[in-house]
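>>> give me a 3D structure for the following:
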Amino acid sequence: MAAPIVVLSAIAAEISKPDSSFNYSFGDLWDGGNEHALNFVQEIGTKFSRKTKTYGFLSVDIDRNSIPTILTKFNADTDGAFKDTTRSMMERLKSSLNEDGRGNTQVGHMIFIHYCNEGEEEDLGRLLVVMVDKKDVFDFGAGLIPTRFKSIDVDTLRQAVLYDLTLFDSVYPDQIEEHQDKAYLRFISGRSKGQFFQEALGTKHMIDNTVSVSSVFDAIEQFGKSLHLRTGHIRKLRDEVELLIAEKKGKQISTNSVARKVISSLPDGKDGVTAEDFVAFINENDYKISEIFDVTRGQLQKATNIEGQKGQDYFYRIKRSALGTVKDAEKSIRYDSETRTIYIEVQDEEQHRELLDALPDRN
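Numbers count the residues shown, from 1 in each chain. From the prediction side, this is the model:
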């Protein structure tokens with residue numbers, strides 16, 4: 001069960017179009033004791049964690065109005081800079097909205113929430129920006145303070161972006177390649193196209209596809225264990241998904257298509273398990289798998305195999321799914337970590353004879 005959320009600051013802005021251009025107006029800061037506001041924040045956090053996302057990073061940008069600069073300033077004073085931070089973001093959103101060709105864009109309210117999990121109040125927390133329709137979610141009263149909370153439909157999340165401020169502080173502006181497991185930006189694209197939203201809030205530099213595909217196989221492994229599947233059947237799930245990805249030959253793959261393949265490959269007796277269950281497992285355990293990703297042959301091979309060599313003596317490529325410890329009787333390849341020795345079970349008779357012939361003559 002997820003830890004309760006502690007709301008540090010929250011505010012809403014209403015976007016309007018009084019003439020030929022878009023503008024906005026902020027309401028008041030939400031009172032943390034406002035029942036409707038607290039319910040919204042708690043549920044929106046839960047919905048966000050369960051929704052399929054795209055993971056990424058921010059490109060290095062030292063411009064004073066850039067998202068990295070805005071977040072860096074906010075991290076330096078999270079207690080006092082919330083209003084300045086949200087206003088700077090709204091200025092970027094307004095500028096993006098008013099670019100040519102976006103006159104018919106439909107928007108409603110932007111909601112900014114700075115929060116952390118209970119027990120993590122000393123951390124920098126997270127900043128969540130959500131775009132919702134004007135009549136969805138709840139009704140606003142004076143000062144854009146919510147007065148009536150409505151149930152949140154997942155589709156209500158037209159666009160949403162979450163910045164993990166603690167991770168951002170530890171990673172940016174280092175080389176992204178060295179921190180692929182620390183993606184601090186998470187993005188949901190709901191029913192709204194909202195290109196202006198993505199451009200304004202920096203959701204362009206996504207994680208390497210190798211991370212997504214490696215995380216897919218990690219998720220399959222743990223999902224299979226949660227269903228108490230035998231080791232051999234978990235390997236079958238991995239192999240079926242690997243074949244699915246290989247057949248795409250570099251084309252885009254969705255998390256949902258992977259989920260359908262996993263569920264269709266489950267053994268008898270698991271009829272009640274659905275693709276939605278697998279997607280929920282991915283999201284609730286925060287596997288870094290982007291909603292849509294594409295994988296080259298090399299990336300797939302890197303994610304599913306381990307390679308090694310010692311000069312001219314040997315070269316090996318081992319399927320990760322085939323590897324086990326020396327005690328794993330179901331595995332055909334076993335590794336003794338104490339002696340650093342790989343054991344390979346040779347079942348093919350011809351290979352067995354060839355190896356026997358190649359052994360040095362002990363006489």
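>>> quick one: secondary structure of Gly56?
Following DSSP: H, G, I helix; E, B strand; the rest coil, Gly56 is assigned to strand.
>>> same check, this time on Asp218
The three-state assignment at Asp218 reads helix, by three-state DSSP.
>>> Lys288 is in contact with that one, correct?
No: contact criterion CB atoms under 8 Å: Asp218 and Lys288 do not qualify, at 9.4 Å. Any C-beta I mention is one placed from the backbone N, CA and C, and that applies to glycine too.
>>> the more surrounded of the two?
A count of neighbours by other CB atoms under 10 Å puts Lys288 above the other of Asp218 and Lys288, at 22 against 17.
>>> next one: the more buried one from Met89, what distance?
24 Å (CB to CB, to the nearest Å).
>>> could you do Glu354 as well?
From Glu354 across to Met89, the span is 66 Å (CB to CB).
>>> mind checking which of these two has more residues around it?
Neighbour comparison, Glu354 and Met89: the larger count goes to Met89, with 24 against 11 (by other CB under 10 Å).
>>> pretty sure the more buried one sits against Ile70.
Yes: between Met89 and Ile70 a contact is recorded at 6.5 Å, counting by CB under 8 Å.
>>> who does the lengthiest strand in the chain pair up with?
Criterion DSSP state E: the longest strand present in the chain is strand 5-16. Here strand 5-16 is paired, per DSSP bridges, with strand 23-26 (antiparallel), strand 109-117 (antiparallel).
>>> buried stuff in the longest one?
Going back to what we said before, that points to strand 109-117. Residues of strand 109-117 classed as buried: 109-116 (neighbour count, 16 or more other CB atoms under 10 Å).
>>> for it, the distance to its chain's centre please.
Relative to its chain's centre, strand 109-117 lies at 18 Å (CA atoms, centre = their mean, to the nearest Å).
>>> now the element after that strand, going C-ward?
strand 126-132 (DSSP states H and E).
>>> output the contacting helices and strands for that next one.
On a contact count with 3 or more CB pairs under 8 Å, 6 or more residues apart in numbering; DSSP states H and E, strand 126-132 meets helix 35-50, strand 109-117, strand 159-164, helix 165-171.
>>> now the third one: mean pLDDT?
Taken as a whole, strand 159-164 has a mean pLDDT of 89.
>>> by mean pLDDT, show me the worst of the strands paired with strand 5-16.
Mean pLDDT per stretch puts strand 109-117 lowest among the strands paired with strand 5-16, at a mean of 88.
>>> keeping just the C-alphas, turn that strand into CSV.
What follows is strand 109-117, C-alpha atoms only, in CSV (Å, rounded to 0.1, in the frame of the first residue of the first chain):
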residue,chain,number,x,y,z
HIS,A,109,-7.5,24.5,-15.4
MET,A,110,-3.8,23.9,-14.6
ILE,A,111,-3.3,22.5,-11.1
PHE,A,112,0.1,22.6,-9.4
ILE,A,113,0.8,20.3,-6.4
HIS,A,114,4.0,20.2,-4.4
TYR,A,115,3.9,17.1,-2.2
CYS,A,116,5.9,14.3,-0.6
ASN,A,117,5.1,10.9,1.0
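>>> contacts for it?
2-15, 24, 40-41, 44-45, 78, 82, 85-86, 89-90, 93, 123-134, 140, 144 (CB atoms under 8 Å, 6 or more residues apart in numbering).
>>> one step back: any chance of a markdown table for the helices and strands packed on strand 126-132, columns distance to Asp208?
Putting the helices and strands packed on strand 126-132 into a markdown table (distance: least, CB to CB, whole Å) gives the following:
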| stretch | distance to Asp208 |
| --- | --- |
| helix 35-50 | 23 |
| strand 109-117 | 27 |
| strand 159-164 | 18 |
| helix 165-171 | 14 |
